[in-house]
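1. Sequence first, then the predicted structure:
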Amino acid sequence: MVHNIPVELQDYVCEKIIPQYAGFDKAHQIDHVEKVIEESLKLAMYYEVDYSMVYIIAAYHDLGLCEGREFHHIVSGRILLADEILRRWFTDEQLLQMKEAIEDHRASNKQAPRSIYGKIVAEADRIIDPEITLRRTVQYGLSHYPEMDKEQQYVRFRKHLNDKYAEGGYLNLWIPQSDNAGRLAELRELIMDEEELQRVFDKLYKNEKNGDE
């Protein structure tokens, strides 16, 4: 049992929910949702929260990718709210709060999440590990823009990193106890080093392309 989360609930999530991530793009596979769950539960230890709710929010946060990326946070919340099996463990009020937390997790959201639950999953979903972040950015480009050549992919890669992670970018951090602030500083240093960024991109691009062959 993890953090007093009912075993039956964990079994349901492991058997019916997490496997759905196997059908998404490379940046949002099973390893991604497992990492977000792990990180969410770690951050939850600093707050007076319901661990079962934190667990479910993290498990369902990207399920809406089944209908595309643009509104995946809205669709994910809808999927959670429509899951009748969850009513065995949660009240209507809890389900609504979890739905709102999922809706608020997207990095491009301008407003702060409405509750601590939204802040936890949003922060956990950041997972700012320079190596993982850079690889996922390359994977996303190859998956969603296969028509682009290597040079175009690099331009997209660099623009995304600047728009999201550079000083003044749209990424916000919500939980002071997370490790993301230090990792973000490290990533910003790399983004500013054009030569090193190009080198890292070349290596990741080659690895991803070879993996697809």
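-> Nice, I can see it.

2. Which parts of this structure are strands?
-> In the chain, no strands are found when defined by DSSP state E.

3. which helix is the longest one in it?
-> helix 194-212 (DSSP state H).

4. Below-threshold pLDDT in this protein: ranges please.
-> 1-2, 212-213 (pLDDT under 70).

5. Closest to the centroid, which residue in it?
-> D125 (3.4 Å; CA atoms, centre = their mean).

6. do you know how far that one is from T91?
-> 25 Å (CB to CB, to the nearest Å). (Each C-beta comes from the backbone N, C-alpha and C, glycine too.)

7. Over to E8?
-> 17 Å.

8. all helices for the chain, in order.
-> 7-12, 30-44, 51-60, 72-82, 92-103, 116-126, 130-144, 150-165, 180-192, 194-212.

9. Now do the longest helix of the chain and helix 130-144, the angle between them.
-> Counting by axes from the mean of the first three to the mean of the last three CA atoms, to 10 degrees, helix 194-212 points 60 degrees away from the direction of helix 130-144.

10. Return the residues in contact with the residue nearest to R87 when sequence neighbours are not counted.
-> Nearest in space to R87, with sequence neighbours left out and distances taken as CB to CB, 6 or more residues apart in numbering, is L95 at 7.4 Å. L95 makes contact with 80-81, 86-87 under the criterion CB atoms under 8 Å, 6 or more residues apart in numbering.

11. give me that answer again for 10 Å
-> 53, 56, 77, 80-83, 86-87, 89 (CB atoms under 10 Å, 6 or more residues apart in numbering).

12. for Y51, same thing?
-> Shown in contact with Y51 (CB under 10 Å, 6+ apart): 2-5, 40-41, 44-45.

13. give me that answer again for 8 Å
-> Neighbours of Y51 in contact, by CB under 8 Å, 6+ apart: 2-5, 41, 44.

14. just I57 next, same as before
-> So I57 contacts 40, 80, 98, 101-102, 105, 117, 120-121 (CB under 8 Å, 6+ apart).

15. Whichever of those residues end up buried, select them in PyMOL.
-> Here is the PyMOL command that selects the buried residues among the contacts of I57 (16 or more other CB atoms under 10 Å):
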select buried, resi 40+80+98+101+102+105+117+120+121
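
16. right, and H73 touches G64 too?
-> Yes: between H73 and G64 there is a contact at 6.4 Å, judged by CB atoms under 8 Å.

17. Tell me how many other residues crowd the residue lying closest to K164 once chain neighbours are set aside.
-> Residue nearest to K164 in three dimensions, not counting chain neighbours: L171, with 5.1 Å by CB to CB, 6+ apart. Other residues lying near L171 total 16 when counted by other CB atoms under 10 Å.
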